[in-house]
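Engineer: have a look; sequence and predicted model below, questions after that.
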Amino acid sequence: MNNIVSMLQIILVVGLLGQSSMHAPYQDKESQQRKLYRKSGCQKLRLDKIKKAQMIENMKAAVAAVVYYEQRQAESK
C-alpha cells in the first residue's frame, strides 16, 4: 500500500512538473507549438493534437518515473 501511495505521489509530481514546464516564461507559445507539432507528426497544427501530444509526453515521463522508482526499490532489497 505504501508503494502505491509513493508511486502516485511520483506521478503527481511529474505531472505538475510537466505542466509547469509547459508554461515556462522563456518559451513562447508559438515555439512550444512548433516543437509539439514536430513531435506529433501532424499534418496540420491543431489544438487537440497538441494537447494530446502534451498528455502523451507527461504520461511517458510518469511511466519513466515509476520504472525508475521500482528499479531503485529492487536494488535496495
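Structural biologist: Perfect, I can see it now. Residues are numbered from 1 along each chain as shown.

Engineer: surely Met7 touches Val66?
Structural biologist: Yes: under the criterion of C-beta atoms under 8 Å, Met7 makes contact with Val66 at 5.3 Å. To be clear about C-beta, it is placed using only N, CA and C from the backbone, and glycine gets the same treatment.

Engineer: can you check which residues contact both of those two?
Structural biologist: Common contact partners of Met7 and Val66 (C-beta atoms under 8 Å, 6 or more residues apart in numbering): none.

Engineer: which helix runs longest in the protein?
Structural biologist: Longest helix in the chain by number of residues (criterion: DSSP state H): helix 47-76.

Engineer: list the buried ones in it?
Structural biologist: For helix 47-76, the neighbour count (16 or more other C-beta atoms under 10 Å) marks 49-50, 53-54, 57-58, 61-62, 65-66, 69 as buried.

Engineer: and that helix, what does it pack against?
Structural biologist: Under the contact criterion of 3 or more C-beta pairs under 8 Å, 6 or more residues apart in numbering; DSSP states H and E, helix 47-76 touches helix 2-22, helix 29-40.

Engineer: average pLDDT across that helix?
Structural biologist: Helix 47-76 shows a mean pLDDT of 85.

Engineer: nearest to Asn3 among the buried residues of helix 47-76?
Structural biologist: Tyr69 (8.4 Å; C-beta to C-beta).

Engineer: now for Ser6, how many residues are close by?
Structural biologist: Ser6 has 13 neighbouring residues, counting by other C-beta atoms under 10 Å.

Engineer: try the one 3 residues further on
Structural biologist: Here the count is done by other C-beta under 10 Å, and Gln9 has 11 residues near it.
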